[in-house]
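Q: Let's see this in three dimensions:
(one chain, ligands or ions: 1)
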Amino acid sequence: MTADPARATLIDGKAFAAALVDQVAAAAARLEADRGVKPGLAVVIVGEDPASQIYVRNKGETTQRAGMRSDTHRLPETTPQGDLLALIGELNADAGIHGILVQLPLPAHIDSAAVLAAIDPDKDVDGFHVVNAGRLAVGLPGLVPCTPLGCLMLLKHELGDLTGLNAVVVGRSNIVGKPMAQLLLGQSCTVTIAHSRTRDLPALCRTADILVAAVGRPEMVRGDWIKPGATVIDVGINRVPSRDPERAAAGKTRVVGDVAFDEAALVAGRITPVPGGVGPMTIACLLANTYTAACRAAGVEPEPLGA
Ligand SMILES: Nc1nc(=O)c2c([nH]1)NC[C@@H]1CN(c3ccc(C(=O)N[C@@H](CCC(=O)O)C(=O)O)cc3)C=[N+]21
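A: Residues are numbered from 1 along each chain as shown. The predicted model follows:
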């Protein structure tokens, strides 16, 4: 018998997300039966970016599958900022809408910060409003960005108690890196945020029991950056040319993460794949946040999700 090289356990985000969507659906059905409240999500997309259109369609379909209301507002690329702000004002005032998501990036003529600031923080199911960033930072209940929330659920499911573990988050964005670090700190991890100016990033990463890669650079994190047995969470979704040169020449692409998966899987203890890892959790957590927002609006304690 030839010894197989050690192989990391795959963290099946797709399966976990499907179970979470079922859980949200059941909880939302009880909220509707008991209180007559059907959680409602409004997704706003400005422009015609094809990748964005696909995400928006997936979100809408999954929301309806969970028995929730899903409204999609598609606005033309040239929509004036004032019109977008007016729509957000209407959605803020609509008692049937508990969650508002404005798809990013927005066209260049629109000030994204002004748009995010216009969303009622209690309907901000992306968790991007500064009020929600502040609540997360000081440990108040709020709405937590979906991608890091999904990563945390996977980590707790895989590892249980995270207390005292060394966590390295590569990437300092407001939508993933910073809130991820806050969540891990909240679990009593020892957290380091690394970024493009970090010195000796490979050596730092090798100290990580938990390594979260959220930089948006295809396969940047190599196998020899990983501490043997570590848990690796790959947030990246990057389109690169197909492996087959003929298919690549025809413009075919494949999706890879920020981690060189094949190398990393030989060293890590557990690892999320791309696709099928963090991505599906992002959408499931959007529904979880919409349910949570609907409960709070109704003055009902939300059922615990993702446990
Ligand atoms: N306000 C706002 N909130 C967002 O949450 C937001 C956004 N804007 N703009 C665009 C990005 C992108 N995003 C994804 C969510 C799920 C998958 C996903 O489920 N991916 C699958 C399929 C990947 C594939 O094959 O293309 C997977 O990873 O398995 C991907 C991408 C949310 N975004």
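Q: Pull the contacting residues for whatever residue of the stretch 201-307 of the chain ends up closest to the ligand.
A: The ligand sits closest to residue 279 of the stretch 201-307 of the chain, with a gap of 2.2 Å, by CB to the nearest ligand atom. C-beta here means a position set from N, CA and C on the backbone, and glycine is covered the same way. Residue 279 makes contact with 13, 237 under the criterion CB atoms under 8 Å, 6 or more residues apart in numbering.
Q: what does the one 5 residues further on give?
A: Residues touching residue 284, when contacts are defined by CB under 8 Å, 6+ apart, comprise 16, 17, 18, 20, 21, 24, 62, 150.
Q: what packs against the longest helix anywhere in the chain?
A: For the chain, the helix with the greatest residue count under DSSP state H is helix 13-35. Counting contacts by 3 or more CB pairs under 8 Å, 6 or more residues apart in numbering; DSSP states H and E, helix 13-35 packs against helix 50-65, helix 146-159, helix 278-298.
Q: May I have the following helix or strand past the shortest one as PDB, with CA atoms only?
A: Tracing the chain C-terminally past helix 146-159 and defining elements by DSSP states H and E, one meets strand 166-170 next. Coordinates of each C-alpha in strand 166-170 appear next as PDB, following Å, rounded to 0.1, in the frame of the first residue of the first chain:
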ATOM      1  CA  ASN A 166      -3.700  32.500  16.400                       C
ATOM      2  CA  ALA A 167      -5.700  33.900  13.500                       C
ATOM      3  CA  VAL A 168      -4.100  35.700  10.600                       C
ATOM      4  CA  VAL A 169      -6.500  37.600   8.200                       C
ATOM      5  CA  VAL A 170      -4.900  38.500   4.900                       C
END
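Q: And whichever helix or strand comes after strand 166-170, what's buried?
A: Using DSSP H and E, the helix or strand that directly follows strand 166-170 along the chain is helix 177-186. By 16 or more other CB atoms under 10 Å, the buried positions in helix 177-186 come out as 177, 178, 179, 180, 181, 182, 183, 184.
Q: dump the residue contacts of the last one.
A: To tie it back to what came earlier, the one meant is residue 184. Taking CB under 8 Å, 6+ apart as the test, what residue 184 contacts is 152, 162, 167, 169, 191, 210, 212.
Q: Would you agree the first one is in contact with residue 181?
A: No. Counting by CB atoms under 8 Å, residue 152 stays clear of residue 181, with 11.1 Å between them.
Q: that older thread, quick one: the longest helix of the chain to helix 278-298, angle?
A: For helix 13-35 against helix 278-298, the angle by axes from the mean of the first three to the mean of the last three CA atoms, to 10 degrees is 10 degrees.
Q: Which of the three states applies to residue 43?
A: strand (DSSP: H, G, I helix; E, B strand; the rest coil).
Q: so what's it up against?
A: By CB under 8 Å, 6+ apart, the contact list for residue 43 reads 56, 59, 60, 70, 71, 72, 73, 101, 103.
Q: Scan the helices and strands of the chain for the one with the lowest mean pLDDT.
A: The weakest-scoring helix or strand in the chain, judged by mean pLDDT, DSSP states H and E, is helix 50-65 (a mean of 82).
Q: for it, packing partners?
A: helix 13-35, strand 40-46, strand 69-75, helix 278-298.
Q: I'd like the average pLDDT over the longest one.
A: Averaging the model's pLDDT scores along helix 13-35 yields 97.
Q: For that helix, C-alpha coordinates in CSV please.
A: Extracted C-alpha coordinates of helix 13-35, given in CSV (Å, rounded to 0.1, in the frame of the first residue of the first chain):
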residue,chain,number,x,y,z
GLY,A,13,-19.5,25.4,2.5
LYS,A,14,-22.1,24.5,-0.1
ALA,A,15,-23.7,21.8,2.1
PHE,A,16,-23.4,24.0,5.3
ALA,A,17,-25.1,26.9,3.4
ALA,A,18,-27.9,24.7,2.1
ALA,A,19,-28.6,23.5,5.7
LEU,A,20,-28.5,27.1,6.9
VAL,A,21,-31.0,28.2,4.2
ASP,A,22,-33.3,25.4,5.4
GLN,A,23,-32.9,26.6,9.0
VAL,A,24,-33.7,30.2,8.0
ALA,A,25,-36.7,29.0,6.0
ALA,A,26,-38.1,27.1,9.0
ALA,A,27,-37.5,30.0,11.4
ALA,A,28,-39.0,32.5,8.9
ALA,A,29,-42.1,30.2,8.5
ARG,A,30,-42.6,30.3,12.3
LEU,A,31,-42.2,34.1,12.4
GLU,A,32,-44.9,34.4,9.7
ALA,A,33,-47.2,31.9,11.4
ASP,A,34,-46.8,33.4,14.9
ARG,A,35,-46.5,37.1,14.1
